[in-house]
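1. Sharing a model that was predicted from the sequence below.
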There are 2 protein chains.
Amino acid sequence: MTHFLQPFGAKLPVIQASMAGIQGSALAMAVCHAGGLGSLPASMMTLETLEQELQKLAAIHKPYNVNFFCHTAPTYNENIERAWRQILSPYYQKYGITPHIDPNSTKQPGFTESIELLEHYNPPIVSFHFGLPKQDLVNRLKERGTTVIASATTVEEALYLEESGVDAVIAQGLEAGGHRGHFLSDDLSKQMGTLALLPQIVATVSCPVIAAGGISTPADISAAMNLGASAVQIGTAYLLCPETHTSALYRAALKSTSARHTAITNLFSGRPARSIVNKLIKELGAIRQDVPAFPLARQALADLRALAEQKGDTSFSAFWCGQNTQGCQEVSATVLTQRLCQGL
Amino acid sequence: MTHFLQPFGAKLPVIQASMAGIQGSALAMAVCHAGGLGSLPASMMTLETLEQELQKLAAIHKPYNVNFFCHTAPTYNENIERAWRQILSPYYQKYGITPHIDPNSTKQPGFTESIELLEHYNPPIVSFHFGLPKQDLVNRLKERGTTVIASATTVEEALYLEESGVDAVIAQGLEAGGHRGHFLSDDLSKQMGTLALLPQIVATVSCPVIAAGGISTPADISAAMNLGASAVQIGTAYLLCPETHTSALYRAALKSTSARHTAITNLFSGRPARSIVNKLIKELGAIRQDVPAFPLARQALADLRALAEQKGDTSFSAFWCGQNTQGCQEVSATVLTQRLCQGL
């Protein structure tokens, strides 16, 4: 089977989806060791941590991917924050919490600040979610020989990315766990299941297409490749691997029938992302217009979540999860990657 | 390739999805002639029409399917109707319409009234949407040798159907056009893309599983069969066939990029169904709690839709459509069915 990752030296057509907050270089390296493409989620790391992680990844001399979120840094809005905390106040009261708000706590290095570091390491692949950084930064990466890929949730986004010069498009079907990668429209009804989105993007763009969303078994990978994918991206299946930071409560949810009910929600981060449904989603609704912007929304729930989880209560926990947990196995990501590709 | 329909004498693993209001026996027969399984949508027909259509279908001596909606007949509620027409009143005013309301106009024969007719014809297969009729009616059909199949939108619904004795479950992924088949919960977030739903239902039930939603090419059919489907159900791809009643405006929408944006909406019928997005959906929102019950909601828009369509305006038109129109071809359904199965 020929695939997109072969020229990089990865023998398997599997990209491990970047999962910010859940993994670092350990998961990426384990996937690389199996012959897949491990990914490092750069977006929630300080530049210092990012450098440490890049050092580790680069040291194994396997192809890898570094992923960035491309949201515009939000402006802290006191009124929106206050209104949102008012909505959450019954929970604060119940749990005896005075929410600690620090407008600066969710500040993250932007891509502009990271690019010099990247240029030092020249990662083989850099992937973007929520669109692309400024065109000159994309060009700078490409001039240094880095392959640039990015997520599309619609045919229109795939066309936009191709016109912006990406080397491959990730077709992110609605089944995918975690954050939706949309950037041209926040109308979720425009987004499609993988089985519909993938072949339509394949038919529309001329660059390679990577399938994402609901893929968790060798049969799924075969299906995606037969529908024109040049590789697949898999996240959820890796969530039980020992190389992740998936908590005990999160693991228990993944292994139970709770994982059958996920929803796309913006309550936890300020941007729509697929999570296992919990009390907060049921009571407030999955998508609301009054949630602070990404990633500021994280703050309002942080203390609540921590306190509740100490009591084994997942009412406020963002447990990112795709619609198909069949691939989740409690084995090393190296073994899992090999199993995912068995018989291909 | 062995498949579910072979024992019935259909050589291809394709069930033409029943599309009430868009087709009668002509489409079903054209599919049957190709070796697929044609379906007759019984739910919007009078018993007299149903009998005429059954006569035609039975006369070609090929296996066929008769489909029924299993909703509970709604009670006309004057207050709900009045409030809903109030919401629609700006449109009525703009188009100079005094909406004609007849509480009895959407009355349809229930399955109880149809079963004697069915017993006379003994159709090889009967399929149900929105759940099942009363257990004794299911049993009566099965005792006469009819194979009973029904739609599931979740793993839970598939289990329920299997326990109720259906012979096969249709796994209806979110990509599918037209009415969602759910019956245990109306929480749409519980529903999944085909790529996630199909293998999970296959892994859970022991009866054959038919894949539906987003399937429109030979590669899609192969993918579904490789994921464990025993056959596939295809609707949208048939919408341009000359044997359908698809209107000129509907056809034009299907052939344009409008078809890239569909949404699950209850505005048109009172139950969630996937339609091409139009002005009404954009202005009122796709899902509302104040819409009259299925199928009463059809009435409030009927005159508006008719008048607007005369002017080439699709603002109020329910153009059912799945998320993948790649398979739509303006060829006879016989040729299309053969093409869909080319190389399988």
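-> Done, it's in. Residues are numbered from 1 along each chain as shown, chains lettered A, B, ... in the order given.
2. before we move on, which element is the residue nearest to A:Gly35 when sequence neighbours are not counted in?
-> The shortest distance from A:Gly35 to any non-neighbouring residue, by CB to CB, 6 or more residues apart in numbering or on different chains, is to A:Lys11 (3.9 Å). Heads up, the C-betas are built off the backbone N, CA and C, glycines and all. Using DSSP states H and E, A:Lys11 is not contained in any helix or strand.
3. so how many other residues sit close to A:Lys11?
-> 13 (other CB atoms under 10 Å in any protein chain shown).
4. And for the one 4 residues further on?
-> Counted with other CB under 10 Å, residues neighbouring A:Ile15 total 30.
5. any idea how far it lies from chain B?
-> Per CB to the nearest CB, to the nearest Å, A:Ile15 is found 17 Å from chain B.
6. Just to be sure, that residue is in a helix?
-> No. A:Ile15: not assigned to a helix; according to DSSP: H, G, I helix; E, B strand; the rest coil it is strand.
7. isn't A:Thr236 right up against A:Gly327?
-> Yes. The criterion here is CB atoms under 8 Å, and A:Thr236 meets it with A:Gly327 at 6.8 Å.
8. what do these two both touch?
-> Counting by CB atoms under 8 Å, 6 or more residues apart in numbering or on different chains, the shared contacts of A:Thr236 and A:Gly327 are A:Ser216.
9. Write out the residues of the stretch 101-250 of chain A neighbouring chain B.
-> Contacts of the stretch 101-250 of chain A with chain B, taken as CB under 8 Å from any CB of the partner chain, map to A:154-156, A:173-175, A:189-190, A:192-197, A:199-200, A:203, A:213-215, A:217, A:219-220, A:222-224, A:226-228.
10. Just the buried residues of those residues.
-> A:154-156, A:173-175, A:189-190, A:192-197, A:199-200, A:213-215, A:217, A:219-220, A:222-224, A:227-228 (16 or more other CB atoms under 10 Å in any protein chain shown).
11. the helices in the stretch 201-344 of chain A, which residues?
-> A:218-226, A:248-255, A:279-284, A:297-310, A:333-340 (DSSP state H, counting those that start in this stretch).
12. Serialize these to a markdown table and add fields for mean pLDDT.
-> Putting the helices of the stretch 201-344 of chain A into a markdown table (pLDDT from 0 to 100) gives the following:
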| stretch | mean pLDDT |
| --- | --- |
| helix A:218-226 | 96 |
| helix A:248-255 | 98 |
| helix A:279-284 | 98 |
| helix A:297-310 | 95 |
| helix A:333-340 | 98 |
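13. and whatever residue of the stretch 101-250 of chain A ends up closest to chain B, what does it touch?
-> Closest approach between the stretch 101-250 of chain A and chain B, counting by CB to the nearest CB: A:Gly193, at 3.0 Å. Contact partners of A:Gly193, counting by CB under 8 Å, 6+ apart, are A:173-175, A:213-214, B:173-175, B:193-195, B:213-214, B:323.
14. possible to save those as a markdown table with distance to B:Thr146?
-> Shown next, in a markdown table, are these (distance: CB to CB, whole Å):
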| residue | distance to B:Thr146 |
| --- | --- |
| A:Gly173 | 36 |
| A:Leu174 | 35 |
| A:Glu175 | 34 |
| A:Gly213 | 37 |
| A:Gly214 | 34 |
| B:Gly173 | 26 |
| B:Leu174 | 29 |
| B:Glu175 | 29 |
| B:Gly193 | 31 |
| B:Thr194 | 27 |
| B:Leu195 | 31 |
| B:Gly213 | 25 |
| B:Gly214 | 29 |
| B:Gln323 | 32 |
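15. Any part of stretch A:312-322 near chain B?
-> Yes. Counting by CB under 8 Å from any CB, chain B is contacted by stretch A:312-322 at A:Gly322.
16. gap between the two ends of that stretch?
-> 22 Å (CA to CA, to the nearest Å).
17. who's in contact with it?
-> Against stretch A:312-322 from outside (CB under 8 Å, 6+ apart): A:19, A:22, A:91, A:175-179, A:213-214, A:216, A:235-236, A:239, A:249-250, A:253-254, A:259, A:262, A:268-269, A:273-276, A:278-280, A:301, A:304-305, A:308-309, B:196.
18. next structured bit after the host helix or strand of A:Leu117?
-> Element membership of A:Leu117 [criterion: DSSP H and E] is helix A:111-121. Counting by DSSP H and E, the next helix or strand C-terminal to helix A:111-121 is strand A:125-129.
19. Name the nearest residue to A:Ala28, sequence neighbours excluded.
-> Nearest to A:Ala28 is A:Gly38, by CB to CB, 6+ apart, at 2.9 Å.
20. Show me the contacts of A:Gly193 that map onto strands.
-> Using DSSP state E, no member of these falls in strands.
21. burial count for A:Glu81?
-> 18.
22. What's the separation between A:Ala318 and B:Met44?
-> Distance, A:Ala318 to B:Met44, by CB to CB, to the nearest Å: 44 Å.
23. Lovely, talk soon.
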